[in-house]
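Colleague: What follows is a protein structure lacking sequence information:
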RNA sequence: GGAGACGUCGCAUAGUUCGGCCUAGUGCACCACCCUGCUAAGGUGGAGUACCCUUUAUUGGGUACCGUGGGUUCAAAUCCCACCGUCUCCGCCA
């Protein structure tokens, strides 16, 4: 949720942000109006209620024979109070609904526009070249006995896979490498729930425009999370945190579920885009003043690990219209995928400023002793999709794949993956 | 899934019988000051969260919050209903 005070005092800034996102500007005026209605409704209710409270004391203290008359007198007032309470509640709910529809204020420097309007931050590493025709990750994965899409489809349907043998080990290796680095950087490891309550899913901002991406369990009123960000953000909901010793940093390990609605026909081959995958996610709670510095830190962790995996990548500053509703800025790191002749997203890191924290009621103590919302940030540190870039980038003419040195300790020292023959 | 107990202002507890002296008492912890040469002990006072109005000086006033949400009532921590959570026992189970 955006800061209601900012909405009141500087609506033009909010409108400009909505504009940059190609999102509703008119919503800002509706929110302002709803705020006015809400405040006057609250004032009405509180005035009547104060009157009633005062009257209640008189009734309590009155002699028994006068009580009846007093109660008759106050009956009308009680009805008004009830009425005003209802109006106040309705106005509050209305305001909340409208203001929650407004997305986070994008930070200065974020490019305006849609999906294709990103700005390049940097490119790192030489684009790999081959003196043979490179195979795609699925051909390699099948030959290595690492990926089984056919049986994934048999058991669970399209966009499900089995990681088998070295494929399973590869995923665990990536995850463990990321985990070790995160722990070394001071992140607390967490294995998180992947089913969450509606208020948590909604609080993180995933039930907005992209609600159809989320699996829901109607019988149980729960949602399957598409990232451990959801559970990690909910972890401290309704709490007042102590950030005086620095940020709270967590790294969550979870299976992730995404419906991938609207992506029919896109990335249907292999494990680039699947309904279920595993992901390691950094999550920081910081003082809002430190949020941009923390964002750079998360990005640096991501780049460090991708460099050590020998991947070529670029960093892009995502355009406003391609940000999630909670994000004020997002950097994607995209690795070069040889057979696609393109960069594909491997990690994403978002600065949600105070937007998520407001929705989830996560605050900290400021120097004056007051409470104020914290800033939250998240970023990928390892995921199943990395296997795609690893296999394709490090493949050799005979179909074997060289394991980057940094990953070998996580595969029992294995330095090259060799085809197993089919089964 | 069945039976029972419980959920109160940071923690621990009182209050629920029989609705109104509960704007929730007490202890511990916390903060400020006082006192004894220091420490310990003691004394006095303070202190929750959110929102609204006012002031815009870190002012003053008000409303809500006793697990959550409804209901009854002039009035609910207290009575009624539903839900959530915790604990104990039983059953079932990958």
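Modeller: Good, I have the coordinates. Remember, it's a predicted structure, so these values are computed and weren't measured experimentally.
Colleague: The residue in the stretch 301-423 of chain A that RNA strand B sits nearest to pairs with what?
Modeller: Nearest to RNA strand B in the stretch 301-423 of chain A, going by Cβ to the nearest atom of the strand, is residue A:371, at a distance of 3.5 Å. Every residue, glycine included, has its C-beta placed from N, CA and C. Beta bridges link residue A:371 to residue A:365 when assigned by DSSP bridges.
Colleague: With residue A:241 instead?
Modeller: Note on residue A:241: beta-bridge partners by DSSP bridges are residue A:364.
Colleague: quick one: it and residue A:284 touch, right?
Modeller: No: counting by Cβ atoms under 8 Å, residue A:241 stays clear of residue A:284, with 11.5 Å between them.
Colleague: which residues do the two both contact?
Modeller: Counting by Cβ atoms under 8 Å, 6 or more residues apart in numbering, the contacts common to residue A:241 and residue A:284 are residue A:248.
Colleague: Check what pLDDT the residue of the stretch 301-423 of chain A closest to RNA strand B gets.
Modeller: Turning to residue A:371, the model gives it a pLDDT of 87.
Colleague: Hmm, it is touching residue A:242, no?
Modeller: No: using Cβ under 8 Å, residue A:371 makes no contact with residue A:242, being 11.4 Å away.
Colleague: what comes up buried for stretch A:341-350?
Modeller: A:343, A:344, A:345, A:346, A:347, A:348, A:349, A:350 (16 or more other Cβ atoms under 10 Å).
Colleague: wait, stretch A:245-261
Modeller: For stretch A:245-261, the buried set under the neighbour-count rule, 16+ other Cβ under 10 Å, comprises A:247-254, A:256-260.
Colleague: before we move on, what about stretch A:89-104?
Modeller: Of the residues in stretch A:89-104, A:91, A:92, A:94, A:95, A:96, A:98, A:99, A:100, A:101, A:102, A:103, A:104 count as buried by neighbour count, 16+ other Cβ under 10 Å.
Colleague: try stretch A:24-31
Modeller: A:25, A:27, A:28, A:30, A:31.
Colleague: Just send these back as TSV, with pLDDT too.
Modeller: Converted to TSV, these look like this (pLDDT from 0 to 100):
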residue	pLDDT
A:25	95
A:27	95
A:28	95
A:30	95
A:31	95
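Colleague: Does residue A:252 lie in a helix or a strand, and which?
Modeller: Element membership for residue A:252, per DSSP states H and E: strand A:248-257.
Colleague: Could you do residue A:168 as well?
Modeller: Assigned by DSSP H and E, residue A:168 belongs to helix A:166-184.
Colleague: tell me which residues in that helix are buried?
Modeller: Result for helix A:166-184 [16+ other Cβ under 10 Å]: buried residues A:166-167, A:169-171, A:173-179, A:181-182.
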